[in-house]
Structure formats: structure tokens, C-alpha cells
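Colleague: Build the 3D model from these lines:
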Amino acid sequence: MQNPEGITLALDGTIPAISSGFYVSVTNNAFSSVSEGIIEQVIAQVLGNPLADFIGSWYSAKTSEFFIDATAFIATLCNAMEAARMFSQQAIFDIRNMQALYL
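Modeller: This is a model prediction of the structure:
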């Protein structure tokens, strides 16, 4: 799933064909700058996370940070919001409406 601020990829690198539900990050990998080798380390960490259905990456203009996270697919808004709180996330992504929903 692509949007102007980010992208979500399946673990094989393809763009998932999902039309509804919610993406919730289950890690907090924020970077204000990226040093050599950090992307490979973070991707290895994400791929090793048992909760990762996808790899999500986005940019926060509010904090000027880049995020690369293990991302879970959750079908319902209620469960997605609960998971976001549990994993200390700022927002979830509404796939159908292509927008971030901030907590």
C-alpha cells in the first residue's frame, strides 16, 4: 500500500492487495538520519519479528523522523486501536480510506 508519506510492503517486497482493515506498527524504529548499514539492520529485525505481516515505512513531518517498522494487519478498528496503544504507536493506517488515524 503506497501513500505520499509512506509505503507498506509484504515481507517479499511486493505491495499487498488489501482493500480494507488497518496497519499497526508493532515496533518503534524512528530515525532522524540514517547511517550506513542501519537500513539492513532494521529490515533484518523486522523480518525476524513474529508479529510482522508487513514492513511499513513512513515519514513524520511533525517530528522530522523516518520510521521503518514491523507492521501487523488488523481487520477491525477496535482491535487496531487497542494494538496501537499496546505498542505505543502514534497512529494506525486505515487502508480503505488511505489515511492515518492518530490516537
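
Colleague: Could you use CA atoms for every contact and neighbour count after this?
Modeller: Will do.

Colleague: what's the following helix or strand after the longest strand seen in the chain?
Modeller: In the chain, ranked by residue count with DSSP state E as the criterion, the top strand is strand 65-74. Using DSSP states H and E, the helix or strand that follows strand 65-74 in sequence is helix 77-86.

Colleague: On the pLDDT front, check the residue of the chain most remote from its centre for me.
Modeller: Centroid-distance maximum for the chain: residue 36 at 21.7 Å, with C-alpha atoms, centre = their mean. In this model, residue 36 is scored at 75, pLDDT.

Colleague: Tell me the secondary structure at it.
Modeller: Three-state assignment for residue 36 (DSSP: H, G, I helix; E, B strand; the rest coil): coil.

Colleague: Roughly how far does it sit from residue 101?
Modeller: To residue 101, residue 36 is 32 Å away according to C-alpha to C-alpha, to the nearest Å.

Colleague: Identify the residues contacting the longest strand of the chain?
Modeller: Strand 65-74 is contacted from outside by 21-33, 42-43, 46-47, 49, 51-60, 80, using C-alpha atoms under 8 Å, 6 or more residues apart in numbering.

Colleague: Restricted to helices, list those.
Modeller: Judged by DSSP state H, the contacts of strand 65-74 include 42-43, 46-47, 80 as members of helices.

Colleague: contacting residues around stretch 15-29?
Modeller: Residues outside stretch 15-29 that contact it (C-alpha under 8 Å, 6+ apart) are 1-2, 8-10, 42, 51-52, 56, 67-77, 80, 83-84, 87, 89, 91-96.

Colleague: Give me the buried entries from those residues.
Modeller: Buried subset of the contacts of stretch 15-29 (neighbour count, 16 or more other C-alpha atoms under 10 Å): 1, 8-10, 42, 52, 56, 67-74, 77, 80, 83-84, 89, 91-95.

Colleague: Quickly note the distance from residue 102 to residue 47.
Modeller: 26 Å.

Colleague: who's more crowded, those two?
Modeller: Each of residue 102 and residue 47 has its neighbours counted (other C-alpha atoms under 10 Å); residue 47 has more, 17 against 11.
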